[in-house]
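>>> Structure for this input, please:
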Amino acid sequence: ALLLRAGQDAAEPHEVEAFGPVSTVIGYRSVQEAVDLAARGRGSLVGSVVTNDPGAARELVLGLAPWHGRLLVLDRDDAAESTGHGSPLPMLVHGGPGRAGGGEELGGIRGVLHHMQRTAVQASPKAATAITGRWTTGAPRRDDGVHPFRKSLAELRIGDTVASEPRTVTREDIDRFADLTGDTFYAHTDEAAAAANPLFGGIVAHGYLVVSLAAGLFVDPAPGPVLANFGVDHLRFSTPVKAGDSIAVTLTAKQITPRANADYGEVRWDAVVANAEGQSVATYDVLTLVAKEQPGS
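I've put the predicted structure just below:
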């Protein structure tokens, strides 16, 4: 191995890409000077930052990122486990801008995408739903009088919808939920403090109370094709709910994904909770497991 030392004005370390056990040491007086030196290489596959100072690490990474496809940050916590900056994980970008090119490691989903056709499609919500097989906001909904939870995976269709009756949220509901969960945040329990809150202006219902009440509004409780709820995605609260407000929920089959080698599949439902004024209170996706056929069939 060969270790060289160069002055700050030397051009060769930045211009000559030496493949072999050769390293060149160049001194610097400040973090910014180190960034400027690294930028002279006009793009590198990967760089390493070695420091136990989080502030210096941040300044170096932000300065070096435009010139590197990947950066390895070593400190006292991870240095002993590192395999070196030349050993990337397959899903990481490995190829910077400029002279280093835009190459990437072909591993994980990143590698798969290189071998897939990707096309941007502009269409109306109705057309986008038909093309993608995934319900898009604004596309038609279908309510045939049968609750979607009564339908097996074979019977359910994208766009199948149930719209609930409204339910009034009471102060008693809010108090009981606070007692049950232990969530006594002042916006739900302290009238004076809640009134001073610039977002609420008074006692408001817990967001998770709203979601729980919404589940009670759209669920069909009898045994049937729906086997389990296994998650909620993209939950956002947009309008506070106060005691005396009413809420209703619209649930729409958004995506249907049969599972291979299983007698059930996944259904993603679009959920929109709105108040009596039609304002959106909460939006999210409900994830369920649904039997492919009706039980007993």
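
>>> any idea how far the nearest residue to residue 74 once chain neighbours are set aside is from residue 6?
In space, and not counting its chain neighbours, residue 74 is closest to residue 50: 4.7 Å by C-beta to C-beta, 6 or more residues apart in numbering. C-beta: built from backbone N, CA, C; applies to glycine. Using C-beta to C-beta, to the nearest Å, residue 50 is found at 19 Å from residue 6.

>>> and if you look at residue 204?
Distance from residue 204 to residue 6, by C-beta to C-beta: 64 Å.

>>> what do you get for residue 208?
Counting by C-beta to C-beta, the gap from residue 208 to residue 6 is 61 Å.

>>> Next: residue 171.
74 Å.

>>> ok, residue 113 - how many residues close by?
With neighbours defined by other C-beta atoms under 10 Å, the count for residue 113 comes to 11.

>>> And for residue 188?
Neighbours around residue 188, by other C-beta under 10 Å: 20.

>>> which residues touch it?
For residue 188, the contact set (C-beta atoms under 8 Å, 6 or more residues apart in numbering) comprises 174, 177, 178, 194, 203, 204, 205, 206.

>>> pretty sure the fourth one is touching residue 186, no?
Yes - with contacts counted by C-beta atoms under 8 Å, residue 194 reaches residue 186, the gap being 6.1 Å.

>>> So, low pLDDT: which residues of the protein?
The chain contains residues with pLDDT under 70 at 88, 90, 94-96, 98-108, 110.

>>> Residue 204 and residue 6: which has the busier surroundings?
Ranked by neighbour count (other C-beta under 10 Å), residue 204 and residue 6 place residue 204 first, with 24 against 14.

>>> Phi, psi for that one please.
Main-chain dihedrals, residue 204, degrees, to the nearest 10: phi -130, psi 160.

>>> quick one: contacts for it?
174, 187, 188, 194, 240, 241, 242.

>>> Who are the contact partners of the second one?
Applying C-beta under 8 Å, 6+ apart to residue 187 gives the contacts 193, 194, 197, 200, 203, 204.

>>> if you set the cut-off to 10 Å instead, what comes out?
174, 193-195, 197, 199-200, 202-206, 240 (C-beta atoms under 10 Å, 6 or more residues apart in numbering).

>>> any idea which of the residues you listed is closest to residue 26?
For those, the residue nearest residue 26 by C-beta to C-beta is residue 199; the value is 53.0 Å.

>>> distance of the closest one from residue 35?
Distance from residue 199 to residue 35, by C-beta to C-beta: 41 Å.

>>> The two: which has the busier surroundings?
residue 35 (19 against 8).

>>> which SS class is the more buried one?
Here residue 35 is recorded as helix under DSSP: H, G, I helix; E, B strand; the rest coil.

>>> Which parts of the stretch 1-150 of the chain are strands?
Assigned by DSSP state E, counting those that start in this stretch, the strands in the stretch 1-150 of the chain fall at 2-6, 22-26, 44-50, 68-74.

>>> Redo the ones you listed as a markdown table? Include distance to residue 140.
Output for the strands of the stretch 1-150 of the chain, formatted as a markdown table (distance: least, C-beta to C-beta, whole Å):
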| stretch | distance to residue 140 |
| --- | --- |
| strand 2-6 | 68 |
| strand 22-26 | 65 |
| strand 44-50 | 50 |
| strand 68-74 | 45 |
